[in-house]
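> Generate coordinates for the sequence data below:
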Amino acid sequence: MRYKFRGKGIFVFSDPAGANSTLALIDNILKCGGKNNEDFMVFTNSAGVFPNEYINLVKIKDFNIKFYSDILDKFKPEYIFTATSGNNYEHNIRLLSKEKRIRTIAFIDHWTNYFKRFTFNNKTLFPDEIWVINDIAKKEAMEAGLPEEKIFISGNPFYEKIRKFIPKVDKECFLKNNNIPVYKKIIMFISENLRESFPKDAKDKCALGFDEFTVLSDILNSFFQINSKDLIDFSKYLFLIKIHPREKMDKFDSIIKNRKYNFLNIEVRKKIDPLTITYYSDYVLGMFSNMVIEALLMGKEVLRVQTGQIGADILKFDEVNCKLITKRENLLDDLLKFMEVL
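Numbering: from 1, shown residues only. A predicted model of the protein is given here:
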């Protein structure tokens, strides 16, 4: 599916994944000669979820019905393109667009919560078009109750950008500017907001069988055992936890401040360019987030850890293969193999 739009449009997002997909489309429009405020406008309600290079293109404004109604009336867009985050910002704009009979397009950037993305306060509204990543996503979206006639397989416009990504700053400068030791190998753990995003079972456990807290604990416990056996000199490594822009910096303090992990150099980072830190990391550990996909598209060494997983894998990205660890008893050996110790 080609990412071509006719006429003027308004683009809306409120989280990093939505920002990446949306701004990749804006890049294409700009390359074709499109002009900001003439051919398109971009809005978000969240500062810090998109790269600084777009700061002059993106307008930051919480949803206000009068403000956005005036924008739609004055700009007169022929379409509205929105991401599909877990909050109602894009939903409210789609509602307003429907009232004004403006064509709406929404993009689902993952394989989760298909119906939930369009339902807020018990009100469900589907746009005129729903773009999904692949045929698996289309099948799952239909099974979740989304109308087949509205679903189109678009791919993710951000993927091509990732495949060609080269940082604008060299590794040494980037690490120094972010107070990261240049001489250590970087093991990056990509956090996700799973504990809040997925319902818990009767025993107050994540329905997936794992979440970001249990996986991080399993990884650190394996590192503790590896260190106890002197199999890796962890003084040569930095364990960097990349948390989501909406997460709190102290989110994992109850885990990482345990004295048993004093052997490990641990840094938690939030406001750091995700693509560049991924590019310069030596090893990437994660679950099923978009950042994991980005690391795979860059050709990075990636190990997906979902220890305790119940049911099928959520990530259905078949373009790149990646080892997935679901059993705790396998994690230690697989980490050693991953870091080329075994």
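
> Not counting its own residues, what contacts the one helix or strand residue 43 maps to?
Following DSSP states H and E, one finds residue 43 within strand 40-44. The contact list for strand 40-44, computed with Cβ atoms under 8 Å, 6 or more residues apart in numbering, reads 8-14, 19, 22-23, 26, 29, 34, 36, 50, 54, 57-61, 68, 71, 75, 77, 89, 93. Heads up, the C-betas are built off the backbone N, CA and C, glycines and all.

> Let's see which of these end up in strands.
Secondary structure from DSSP state E places 9-13, 58-60 of the contacts of strand 40-44 in strands.

> helices or strands up against the helix or strand containing residue 196?
Taking DSSP H and E as the criterion, residue 196 maps to helix 194-197. Where contact means 3 or more Cβ pairs under 8 Å, 6 or more residues apart in numbering; DSSP states H and E, helix 194-197 is packed against helix 212-228.

> for the helix it packs on, packing partners?
For helix 212-228, the packing partners by 3+ Cβ pairs under 8 Å, 6+ apart come out as helix 194-197, helix 253-256, strand 302-305, helix 328-338.

> now with 10 Å?
Contact here means 3 or more Cβ pairs under 10 Å, 6 or more residues apart in numbering; DSSP states H and E; on that basis helix 212-228 packs against strand 185-190, helix 194-197, strand 237-242, helix 253-256, strand 283-286, strand 302-305, strand 324-325, helix 328-338.

> re earlier: of the ones in strands among the contacts of strand 40-44, which count as buried by neighbour count?
Buried residues within the ones in strands among the contacts of strand 40-44, counting neighbours by 16 or more other Cβ atoms under 10 Å: 9-13, 58.

> could these go into TSV alongside pLDDT and distance to residue 191?
Supplementary listing: those in TSV, determined by pLDDT from 0 to 100; distance: Cβ to Cβ, whole Å:
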residue	pLDDT	distance to residue 191
9	96	33
10	97	31
11	97	27
12	97	25
13	96	20
58	96	24
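
> Please dump these into JSON lines; it should also carry distance to residue 145 for every row.
As requested, those are arranged in JSON lines below (distance: Cβ to Cβ, whole Å):
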{"residue": "9", "distance to residue 145": "27"}
{"residue": "10", "distance to residue 145": "27"}
{"residue": "11", "distance to residue 145": "26"}
{"residue": "12", "distance to residue 145": "23"}
{"residue": "13", "distance to residue 145": "24"}
{"residue": "58", "distance to residue 145": "32"}
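
> From the residues you listed, pick the one nearest residue 229.
Of all those, residue 229 sits closest to residue 13, with 46.2 Å by Cβ to Cβ.

> ok, that closest one to residue 334 distance?
36 Å (Cβ to Cβ, to the nearest Å).

> Check residue 327 too.
For residue 327, the distance to residue 334 (Cβ to Cβ) stands at 9 Å.

> Those two: who's more crowded?
Using other Cβ atoms under 10 Å as the criterion, residue 327 and residue 334 rank with residue 334 on top: 17 against 11.

> Burial check on residue 170, number of neighbours?
Residue neighbour count, defined by other Cβ under 10 Å, stands at 9 for residue 170.

> ok, it - contacts?
If you count contacts by Cβ atoms under 10 Å, 6 or more residues apart in numbering, residue 170 has them with residue 280.

> re the thing from before, now the buried members of the contacts of strand 40-44.
Buried among the contacts of strand 40-44 by 16+ other Cβ under 10 Å: 8-14, 19, 22-23, 26, 29, 34, 36, 50, 54, 57-58, 68, 71, 77, 89, 93.
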